[in-house]
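**Q** let me see the structure of the following:
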Amino acid sequence: MYGITIFALLLMVANYLISGMFMQEIGKVSVDLALSAVTFSGLLLVFFVGINLISKDFDRKTIYMVLSRPISRTQYIWGKFLGMAMLIISAMVIMSIFAAISIVMLKWTYPDYFARFSWMLVLLALTLTTLMLILVSALSFLFASFSSTSFIALILTIISYVIGTSIREIKALVEAPQAAGIQVSPFILKVVNAAYYLFPNVSLFDIKTQAAHGIHLSASYLFWVIAYGTGYIIITILLAGFLFRKREFP
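**A** Coordinates of the predicted model:
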């Protein structure tokens, strides 16, 4: 948490300095940079802390001590995941406070460039980012439940995140290939459709552009995005618990 706080402080200073270079778009750039920095920091936390939670227990042999008590493997997965989710929420609160301070400083320095600024949109963007990070963390637990090393779980998690950020655009492209002047085989179309429903659509949680430009979202969109993320998280952790029960320990 000390490292997260120091990193958030550096991001706040960087946002204030960089945004000042874009005088005509300083309001939009400051919000976009602040939200992007918070998202990037959260992903680092998930990739390099959350993925190692289970592998460290195997490396230190502490998992045998834990499971020797009246704790099932499913409870072990849920306990680790909920602890990681609380860490993500705590880190997001800290980083969001510093991000908000940087926006307030810029808004106070350049008030004329924040005409369409909305704190509600910034709060919604941070909330959806937190949900997205918890979803990515759930994926890391799924891969860690059956992979032999944390490196494999890390690679699979990063691949899933990259696919999730672009799968909606790829699906739209292959479904209307004439717009781009390309030929798409039926097999590729089936693969893309399968990936669209299998991998999480991470782009749904990214509303940085709307927050930066003051574009309000409908309540139905927010409801379905939150429902989608929550449902995907629950299904992923249930599957992780099932696979972990079937895993043979060395």
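**Q** any low-confidence regions in this protein?
**A** 1, 19-24, 177-184, 250 (pLDDT under 70).
**Q** show me the helices in it, by range?
**A** Counting by DSSP state H, the chain has helices at residues 2-19, 26-45, 52-59, 62-67, 73-109, 119-144, 150-175, 186-198, 208-213, 219-246.
**Q** show residues contacting stretch 47-67.
**A** Stretch 47-67 has contacts (Cβ atoms under 8 Å, 6 or more residues apart in numbering) with 73, 76, 80, 83-84, 87-88, 137, 140-141, 143-145, 149-150, 153-154, 157-158, 249-250. C-beta: built from backbone N, CA, C; applies to glycine.
**Q** put the buried members of the residues you listed into a ChimeraX selection.
**A** Buried residues among the contacts of stretch 47-67 (16 or more other Cβ atoms under 10 Å), as a ChimeraX selection:
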select :73,76,80,84,87,88,137,140,141,143,144,145,150,153,154,157,158
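**Q** measure residue 17 to residue 125 for me?
**A** Per Cβ to Cβ, to the nearest Å, residue 17 is found 22 Å from residue 125.
**Q** the more surrounded of these two?
**A** residue 125 (26 against 10; other Cβ atoms under 10 Å).
**Q** what about the closest residue to that one other than its chain neighbours, how many neighbours?
**A** Distances taken as Cβ to Cβ, 6 or more residues apart in numbering place residue 211 nearest to residue 125, at 4.3 Å, with adjacent residues excluded. Neighbour count of residue 211, defined by other Cβ under 10 Å: 27.
**Q** dump the residue contacts of residue 211.
**A** 31, 32, 35, 118, 121, 122, 124, 125.
**Q** just flag the most distant two among these.
**A** Greatest spatial distance among those (Cβ to Cβ): 32 and 124, at 14.6 Å.
**Q** chain center to stretch 105-124: distance?
**A** 24 Å (Cα atoms, centre = their mean, to the nearest Å).
**Q** with stretch 210-224 instead?
**A** Worked out by Cα atoms, centre = their mean, stretch 210-224 lies 18 Å from the chain centre.
**Q** next, the buried residues of that stretch.
**A** Buried, per 16+ other Cβ under 10 Å, within stretch 210-224: 210, 211, 212, 213, 217.
**Q** count of residues packed around the closest residue to the fourth one other than its chain neighbours?
**A** Counting by Cβ to Cβ, 6+ apart, residue 213 lies nearest to residue 28, which is 6.1 Å off, once chain neighbours are set aside. By the measure other Cβ under 10 Å, the count of residues near residue 28 is 21.
**Q** next, the contact list for the residue positioned nearest the centre of the chain, please.
**A** By Cα atoms, centre = their mean, the chain has its centre lying nearest to residue 133, at 2.8 Å. The neighbours of residue 133, taking Cβ under 8 Å, 6+ apart as the test, are 39, 42, 43, 45, 46, 88, 92.
**Q** what residues are up against the closest residue in space to the last one that isn't next to it in sequence?
**A** Spelled out, it's residue 92. Distance criterion Cβ to Cβ, 6+ apart; nearest residue to residue 92, sequence neighbours excluded, is residue 130 at 4.7 Å. By Cβ under 8 Å, 6+ apart, the contact list for residue 130 reads 42, 88, 89, 92.
**Q** who wins on neighbours among those?
**A** That'd be residue 92 among the contacts of residue 130, by other Cβ under 10 Å, with 25 neighbours.
**Q** just checking, that residue touches residue 129?
**A** Yes - counting by Cβ atoms under 8 Å, residue 92 does reach residue 129; the two are 7.2 Å apart.
**Q** shared neighbours of those two, which are they?
**A** Common neighbours of residue 92 and residue 129 (Cβ under 8 Å, 6+ apart) are 38, 42.
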